[in-house]
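Asks: got a predicted structure plus its sequence, pasted below:
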Amino acid sequence: MERPRKSVRRKSSGVTIDEVAALAGVSPMTVSRVVNGQGKVRDATRERVMRAVRELDYTPNMAASSLAAAQHTRIALIYTNPSGAYLRELLVGLLRVASRTAIQLVIDYWDDLDAESERKAARALAKRVDGVILPPPLCESRAAVTELVRAHIPVVAIASGRFSDDISCVRIDDFRAGKELAEHLIEQGHTRIGFIKGRPDLSASARRFQGFQAALDEAGIALDSTLVQQGDYTYRSGLKAAERLLAHRRPPSAIFASNDDMAAAAISVAHRRGLDVPRDLSVVGFDDTSAATTVWPELTTIHQPIASMANAAIDVLLRNIRRKDRSTRVLMDHVVPHRLIARDSVAAPPRRK
């Protein structure tokens, strides 16, 4: 599969790829490979580059390179996301790009469609747009992807765990992020950690749990399956999962929820049970949406740069739309950097009486 090189532009803060390369002690080409998820880079080198990226707060301004291709271009966002906070972040990112270009943004809502209905909706949409962005959970709809690819419509999945070789993807490294967040809890002294899973049909959800498991394994902590509960990224599912975890005969001292909505629900359940967060129970979320800072205490979480991912997704689409040779697909797996944001919802576990 062809993986084209991607140009890296100066972001508004003035941080350049050369500055990142200098701090990491590598070449600009190596930084480009790490940031764009292209080519083979040693794990130690990748870690060094990502540390420099986080320290300098560097993000490529990708959409600016494709302004000319944006004119008179219709790009569709199809959504059926249960997390309102996540959807708001995504829409803000897309609207910012659309306001700077001539892109016509088409919003399509697919509510609880079965596979056949998704195929019909995709066929109809393909007749009136030039490109499609699929956020979770539609980013892994085989029915929709198959129809759009068959219609030769460029598609970019946002926040997928890279489930398909038929479409491009803009994502974070969910495995590494999940592992880092679990390690943060373990470093605080937690050994009994509850986990609330995300949707079972999303590979990104599975990768977060795999990262959690890897952190436990490396710390020599056995996974207790009774402390793993299924959620679906909604606040309500987080309430149910947290109730089950905290009703356990030996409840966890910390809860890792696979998104901020479910983590906020876990804090609500803890308060209802008279528990202090983080003195009696630590809670972490994932995504760093507005939900992370509208609860008390504010959530420790993984910052997924959703608005920047939307920016990158449009850039990938425009590059494909303006290609003269549409007989072959050029796919990109673009991995953007994440950050662990430490706030007030985590502390050392309570001492046993």
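Replies: Structure's in. What do you need?
Asks: may I have stretch 250-262 as CSV, with CA atoms only?
Replies: Provided in CSV are the C-alpha atoms of stretch 250-262 (Å, rounded to 0.1, in the frame of the first residue of the first chain):
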residue,chain,number,x,y,z
ARG,A,250,-13.7,-5.9,47.5
PRO,A,251,-14.2,-2.7,45.5
PRO,A,252,-11.4,-1.1,43.5
SER,A,253,-9.4,1.8,44.8
ALA,A,254,-9.4,3.3,41.3
ILE,A,255,-11.6,3.2,38.2
PHE,A,256,-10.3,3.6,34.6
ALA,A,257,-13.2,4.5,32.4
SER,A,258,-12.7,4.4,28.6
ASN,A,259,-14.1,7.8,28.0
ASP,A,260,-14.9,11.0,30.0
ASP,A,261,-18.7,10.5,30.0
MET,A,262,-18.4,7.2,31.8
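Asks: which parts of it are buried?
Replies: Pro251, Pro252, Ser253, Ala254, Ile255, Phe256, Ala257, Ser258, Asn259, Asp260, Asp261, Met262 (16 or more other Cβ atoms under 10 Å). From N, CA and C alone the C-beta is placed, and that goes for glycine too.
Asks: so what's the fifth one bridging to?
Replies: To tie it back to what came earlier, the one meant is Ile255. For Ile255, the beta-bridge partners under DSSP bridges are Gly194, Val283.
Asks: can you map out the helices along this structure?
Replies: Using DSSP state H, the helices of the chain run over residues 17-24, 28-36, 43-56, 67-70, 84-100, 115-126, 142-150, 174-187, 203-218, 235-246, 260-272, 306-321.
Asks: rank the ones you listed by pLDDT, which is bottom?
Replies: Mean pLDDT is lowest for helix 67-70 among the helices of the chain, at a mean of 49.
Asks: returning to that earlier point: can you tell me which of the helices of the chain is nearest to Val330?
Replies: helix 306-321 (6.3 Å; Cβ to Cβ).
Asks: tell me what the closest one is packed against?
Replies: The elements that helix 306-321 packs onto, with contact taken as 3 or more Cβ pairs under 8 Å, 6 or more residues apart in numbering; DSSP states H and E, are helix 67-70, helix 84-100, strand 131-134, strand 155-158, strand 168-171.
Asks: would a markdown table of the ones you listed with distance to Asp108 be doable?
Replies: Formatted as a markdown table, these follow (distance: least, Cβ to Cβ, whole Å):
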| stretch | distance to Asp108 |
| --- | --- |
| helix 67-70 | 19 |
| helix 84-100 | 13 |
| strand 131-134 | 9 |
| strand 155-158 | 13 |
| strand 168-171 | 19 |
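Asks: highest average neighbour count across these?
Replies: Among the helices and strands packed on helix 306-321, strand 155-158 has the highest mean neighbour count (mean count of other Cβ atoms under 10 Å), at a mean of 27.
Asks: partner strands of it, parallel or antiparallel?
Replies: Per DSSP bridges, strand 155-158 is paired in its sheet with strand 131-134 (parallel), strand 168-171 (parallel).
Asks: counting neighbours, what do you get for Val316?
Replies: Val316 has 26 neighbours, counted by other Cβ atoms under 10 Å.
Asks: quick check, nearest of the buried residues of stretch 250-262 to Cys139?
Replies: Asn259 (14.7 Å).
Asks: which ones are touching that closest one?
Replies: Ser83, Tyr86, Gly198, Tyr233, Gly285, Phe286, Asp287, Thr289 (Cβ atoms under 8 Å, 6 or more residues apart in numbering).
Asks: any idea how far Ala312 is from Met50?
Replies: 16 Å (Cβ to Cβ, to the nearest Å).
Asks: of these two, which one has the most company?
Replies: Neighbour tally, Ala312 and Met50, criterion other Cβ under 10 Å: the higher count belongs to Ala312, 28 against 21.
Asks: the more buried one contacts Cys169, correct?
Replies: No. Using Cβ atoms under 8 Å, Ala312 makes no contact with Cys169, being 10.2 Å away.
Asks: sorry, back to before: mean pLDDT added to the strands paired with strand 155-158, as a markdown table?
Replies: As requested, these are exported to a markdown table (pLDDT from 0 to 100):
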| stretch | mean pLDDT |
| --- | --- |
| strand 131-134 | 92 |
| strand 168-171 | 91 |
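Asks: Met29: which of the ones you listed is closest?
Replies: Once the strands paired with strand 155-158 are compared by Cβ to Cβ, strand 168-171 is nearest, at 21.0 Å.
Asks: list the contacts of the closest one.
Replies: Outside strand 168-171, the residues touching it (Cβ under 8 Å, 6+ apart) are 139, 154-162, 204, 309, 312-313, 316, 320, 331-336.
Asks: and for stretch 79-96?
Replies: Residues contacting stretch 79-96 (Cβ under 8 Å, 6+ apart): 77, 105, 107-113, 133, 135-138, 158, 232-234, 259-261, 287, 289-291, 306-311, 314.
Asks: what's the local residue count around Arg51?
Replies: The burial count for Arg51: 14, using other Cβ under 10 Å.
Asks: could you measure it against Phe212, distance?
Replies: Distance from Arg51 to Phe212, by Cβ to Cβ: 22 Å.
Asks: sorry, back to before: joint contacts of Ala312 and Cys169?
Replies: His334.
Asks: contacts only, for Asp344.
Replies: Pro278, Pro297, Glu298, Thr300.
Asks: correction: Glu298
Replies: Contacts of Glu298 (Cβ under 8 Å, 6+ apart): Ala292, Arg343, Asp344, Ser345.
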